[in-house]
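Peer 1: What follows is a protein structure lacking sequence information:
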Ligand SMILES: [Zn+2]
């Protein structure tokens, strides 16, 4: 046992795990994020405020039941580093961890009771093949493990690859997102409370497009959860 521990420490010295938030070395019991980051991350507390900034971003565009982002996103912040590891460094385990953290917040708000299905925002198949995974699915699986609610990935599908949204006007973004998503399995959505999951809310155009397609297919309620909210 001692030998195993020493071997583990030696391995850790040679190949240290780094925190996905701040880049510092992780202690043996820490995974993905260090204790300091876990305490100091810019949590939004959206679960305590129905009229939070993420919810207001979608007001008048999508009739959401509740919207929550776990963290604020600023350039150069720990949140940006976390999102980078999640999307481009293959850190599926980080996605699951963030999903667990989101679920703990969801459990504290009555608005998220009665969720029937968790649906991650889908990537286009070609992009998912290149990346090897859909980061939103990892987050969804982390939430599902805590809430004990199934994840569905074959109902909402992405038909088109979209270019970056950030430099477009609101109308152009809306136009760009038209007909990007569609529903393959309509039956399973009927009269369901859906939790739609994505990594970041920026303009809200992607969530708006997904949500509209879901409502067209007779869901009863739409809640949204993301890791980060870009102010
Ligand atoms: Zn850290």
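Peer 2: Okay, I see it. Note that this is a predicted model, so its numbers are computed, not measured. Numbering: from 1, shown residues only.
Peer 1: Can you report how many residues lie near the closest residue to residue 144 other than its chain neighbours?
Peer 2: In this structure, residue 144 finds its nearest non-sequential neighbour in residue 151, 4.8 Å apart by CB to CB, 6 or more residues apart in numbering. In short, each C-beta sits where N, CA and C put it, glycine included. For residue 151, the number of neighbouring residues by other CB atoms under 10 Å comes to 19.
Peer 1: Could you give the secondary structure assignment for residue 140?
Peer 2: Recorded secondary structure, residue 140: helix (DSSP: H, G, I helix; E, B strand; the rest coil).
Peer 1: One more: residue 198?
Peer 2: Following three-state DSSP, we place residue 198 in the strand state.
Peer 1: wait, what's in contact with it?
Peer 2: For residue 198, the residues meeting the contact criterion (CB atoms under 8 Å, 6 or more residues apart in numbering) are 120, 121, 136, 139, 206, 207, 224, 226.
Peer 1: Out of those residues, which sit inside helices?
Peer 2: 136, 139, 206, 207 (DSSP state H).
Peer 1: If we check the ion, which of these are in contact?
Peer 2: When the ones in helices among the contacts of residue 198 are checked against the ion using CB under 5 Å from the ion, none falls in range.
Peer 1: ranking these by neighbours, who comes first?
Peer 2: Comparing those by number of neighbours (other CB under 10 Å), residue 139 comes first, having 33 neighbours.
Peer 1: so that residue sits right up against residue 98, yeah?
Peer 2: Yes - if you go by CB atoms under 8 Å, residue 139 and residue 98 touch, sitting 5.6 Å apart.
Peer 1: hey, what's in contact with both of the two?
Peer 2: With contacts defined as CB under 8 Å, 6+ apart, the residues shared by residue 139 and residue 98 are 86, 227.
Peer 1: could you pull out the helices for the protein?
Peer 2: Counting by DSSP H, the chain has helices at residues 2-14, 35-40, 53-57, 78-88, 92-106, 125-131, 135-147, 170-177, 205-216.
Peer 1: that older thread, nearest to residue 147 among the ones in helices among the contacts of residue 198?
Peer 2: Within the ones in helices among the contacts of residue 198, the smallest distance to residue 147 is 12.4 Å, found for residue 139 (CB to CB).
Peer 1: What residues does the closest one make contact with?
Peer 2: 86, 95, 96, 98, 99, 102, 120, 197, 198, 199, 225, 227.
Peer 1: Run a quick neighbour tally on the second one.
Peer 2: Read it as residue 95. Using other CB under 10 Å, residue 95 has 28 neighbouring residues.
Peer 1: Tell me the pLDDT of the residue nearest to it when sequence neighbours are not counted.
Peer 2: The shortest distance from residue 95 to any residue other than its chain neighbours is 2.7 Å, reached at residue 138 (CB to CB, 6+ apart). Residue 138 carries a pLDDT score of 98 in this model.
Peer 1: can you pull the contacts of residue 138?
Peer 2: The contact partners of residue 138, taken as CB under 8 Å, 6+ apart, are 86, 92, 93, 94, 95, 96, 99.
Peer 1: before we move on, what about residue 20?
Peer 2: Applying CB under 8 Å, 6+ apart to residue 20 gives the contacts 32, 33, 81, 82, 85, 86, 89, 91, 94.
Peer 1: ok, the last one to residue 176 distance?
Peer 2: Shown here: residue 94 relative to residue 176, a distance of 29 Å by CB to CB, to the nearest Å.
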